[in-house]
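Q: Please work out how this folds:
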Amino acid sequence: MINVFHIVSNKHWTGAEQYTYDLVERLRNDPDFYVEVVCRKHPNVLKQYRRLEIPISILPLKGVTDIDSPVRFARLLRKGRNIIHVHSFRDAFMAVMARRISENRDTRVVVSVHGVYKPKKNYMYTKLYKSIDCFVFSSEMAREAFLGKAKKTYADRGVVLRDSVCDSQIGTVVPDLRRDLGLDSHQALIMYHGKLAAEKGLDTLLSALTHVDKAKYHLAIIGEGQPKYKAKIKGFIVANGLVHNVSLLGFRDNILEYLRQADFGILPSIQPEALGISNLEYMMAGKAHICSNNGAQPEYVHDGVNGVLVPPGDEQALADAINLLLNDNATRSRLGSQAKRDFEQNLDYPVFYQKMTDLYCSLLDTAPVVDIDVSTAD
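A: Numbers count the residues shown, from 1 in each chain. Here you go, the predicted structure:
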C-alpha cells in the first residue's frame, strides 16, 4: 500500500482544492492507497474536505520559515511508502524538510504546478527544485514556461499530465436558475464560474456586455473573490445599467448542475491559463463556451469546432462572440455536442486518475532524487 498525503494551504476554495478533492475522493476507495489531506485551519476549505470522511491533519503551513509544520508532519512519514503531493512551491519547502527529518527514503515529493510560472532563480528555490522528485504540468504550454531551456535537466522529472474534472455530488440542492432569476423563455442564460479576480477578465466581459442587446441575455457569475474587487465590479454593473442582466451568485457546490442549466459559458481570462479547469467543465456538461486563446486552451479547444476562441482583453471580439452564440442556437448546440464528445474521448477523469496513480507507483520504484537541505540558505 502507498500512503498519499495531499497538502493544500489556500484560505479559499480554488481550482487546486477541487483538483485535490476529486483525486482524494477516488484514492480513498482504492485498496492500493491510503490517503490523507494536510491543510490549514480555514473553515471554508475544511468544510469541503470533511465531506470526504478521510483523515485530515491541520498544520500551520506558513512556508519556508515554518519549523513546526515539517517536524509534526515528519511523524507521519517515518514508516511505509509515501507520496507527498503538494500544490504550491510554498508547501513544497515543508514537504522536503519533513522528508529529510523523517529519514524515510521511501518518500517522494510530487508538485502539481497549477499555473503558468517561470522558475525562481534565487538560491533557496534552486535547492528546492533539485529536491523534488516530479513536477506535474497540466499542459505542454505550462511545462515549456517553467522548464524552458532546463528541459534536459528535468527530462525525467517534468511530466505533462492533463487534468480532468468529474461530477462530484456533495448533497446540496441546486435551484432552478431560470425561475429564480425571472428569465423569459427568449432570454439566454450565460454563465461565468471561477475566481472573481481581474486576471480572469471579468472587466472585459462586463464591458463587452454593454455592446449586447439587454433583452437577449442574463449573466450569472458564480464564484468568490476579494471584497475590494467585488465592490468594483458591482459598481460597474450599477453604473452601466446592467443590474437586471447580471447576478453575482457567490460560491456554489455541485457546479456542473448549474452549468447544465446555462445556454453557454464565458471564460475570458487575460492571464494565461495552465489548462483551464472551468473550460473542461463546460465541455463535460456539453455546453458551448467562449474562452481566451492565450494559455493552454488551444491545446484542446478548437475555434468554431468545440468552442469559440477570442484574444484576451479584446472587448469587441468578446462582444461579437457573445452575439454569435446569442443569435445562433444551431451553432451553440453543435459546439456543445462536439465539446462533450471531445471530453469523453480525450479528457475523461478515469484516464487522468489511472495516469496519476501509475505515476505514484513508478516514482516509488525508482531511486529518490538528491535530498538537499532547504531549511537554510548557507
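
Q: what comes up buried for stretch 249-257?
A: Leu249, Arg252, Asp253, Ile255, Leu256, Glu257 (16 or more other CB atoms under 10 Å). From N, CA and C alone the C-beta is placed, and that goes for glycine too.

Q: looking at it, the third one is touching Thr172, isn't it?
A: In this case it means Asp253. Yes. Using CB atoms under 8 Å, Asp253 is in contact with Thr172, at 4.4 Å.

Q: which SSE is Asn29 in?
A: Counting by DSSP states H and E, there is no helix or strand that carries Asn29.

Q: Which strands or helices does the biggest helix by length in the chain pack on?
A: Determined from DSSP state H, the single longest helix within the chain is helix 349-364. Packing partners of helix 349-364 (3 or more CB pairs under 8 Å, 6 or more residues apart in numbering; DSSP states H and E): strand 2-8, helix 15-27, strand 81-86, strand 107-113, strand 134-137.

Q: possible to save these as a markdown table with distance to Asp320?
A: Compiled in a markdown table, the helices and strands packed on helix 349-364 are given as follows (distance: least, CB to CB, whole Å):
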| stretch | distance to Asp320 |
| --- | --- |
| strand 2-8 | 39 |
| helix 15-27 | 28 |
| strand 81-86 | 42 |
| strand 107-113 | 34 |
| strand 134-137 | 33 |
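
Q: Strands along the stretch 151-300 of the chain, start to end?
A: For the stretch 151-300 of the chain, applying DSSP state E, counting those that start in this stretch gives strands covering 158-160, 188-193, 217-222, 246-250, 264-267, 288-292.

Q: Show me the shaky parts of this protein.
A: 168-171, 370, 374-378 (pLDDT under 70).

Q: Could you check how far the most centrally placed residue in it is from Arg108?
A: The centroid of the chain falls nearest to Gly15 when counting by CA atoms, centre = their mean (2.7 Å). The gap separating Gly15 from Arg108 is 24 Å, by CB to CB, to the nearest Å.

Q: Which positions within stretch 136-149 qualify as buried?
A: Applying 16+ other CB under 10 Å to stretch 136-149 flags Val136, Phe137, Ser138, Ser139, Met141, Ala142, Arg143, Ala145, Phe146, Leu147 as buried.

Q: Please report the distance of the fourth one from Ser207.
A: So that's Ser139. 28 Å.

Q: Quickly name whichever of the buried residues of stretch 136-149 is closest to His114.
A: Nearest to His114, judged by CB to CB, of these is Ser138 at 7.4 Å.

Q: Ala288 is in contact with Asp303, isn't it?
A: No. Look at Ala288 against Asp303 with CB under 8 Å: they stay out of range, at 11.8 Å.

Q: Give me the more crowded residue out of these two.
A: Higher neighbour count among Ala288 and Asp303: Ala288, with 25 against 16, using other CB atoms under 10 Å.

Q: For that one, list the residues it contacts.
A: Ala288 sits next to Phe264, Gly265, Tyr282, Gly307, Val308, Leu325, Thr331, Arg332, Ser333, Leu335, Gly336, Ala339 when contact means CB atoms under 8 Å, 6 or more residues apart in numbering.

Q: for Val86, same thing?
A: His6, Ile7, Ala92, Met94, Ala95, Val109, Val110, Val111, Ser112.

Q: The fifth one: neighbour count?
A: It stands for Ala95. Count around Ala95 with other CB under 10 Å applied: 28.

Q: Equivalent analysis for the third one, please.
A: Neighbour count of Ala92, defined by other CB under 10 Å: 24.

Q: what's the spacing between it and His42?
A: 19 Å.

Q: Pro311 now?
A: Counting by CB to CB, the gap from Pro311 to His42 is 36 Å.

Q: What of Ser139?
A: Distance of Ser139 to His42, given as CB to CB: 28 Å.

Q: Then Leu326?
A: Counting by CB to CB, the gap from Leu326 to His42 is 39 Å.

Q: what about Ala330, distance to Gly307?
A: Remark: distance between Ala330 and Gly307 (CB to CB) = 16 Å.

Q: Pick out whichever of these two has more residues nearby.
A: Taking neighbours as other CB under 10 Å, Ala330 and Gly307 compare with Gly307 leading, 29 against 7.

Q: How much space separates the nearest residue to that one once chain neighbours are set aside from Leu280?
A: Closest residue to Gly307 apart from its sequence neighbours, by CB to CB, 6 or more residues apart in numbering: Val301 at 4.2 Å. Applying CB to CB, the value for Val301 to Leu280 is 10 Å.

Q: Comparing these two, which residue is more hemmed in?
A: Val301 (26 against 21).

Q: show me the contacts for Pro311.
A: Ser292, Asn293, Asn294, Ala317.

Q: Looking at those residues, state which has the most neighbours.
A: Going by other CB under 10 Å, Ser292 tops the contacts of Pro311 with 29 neighbours.
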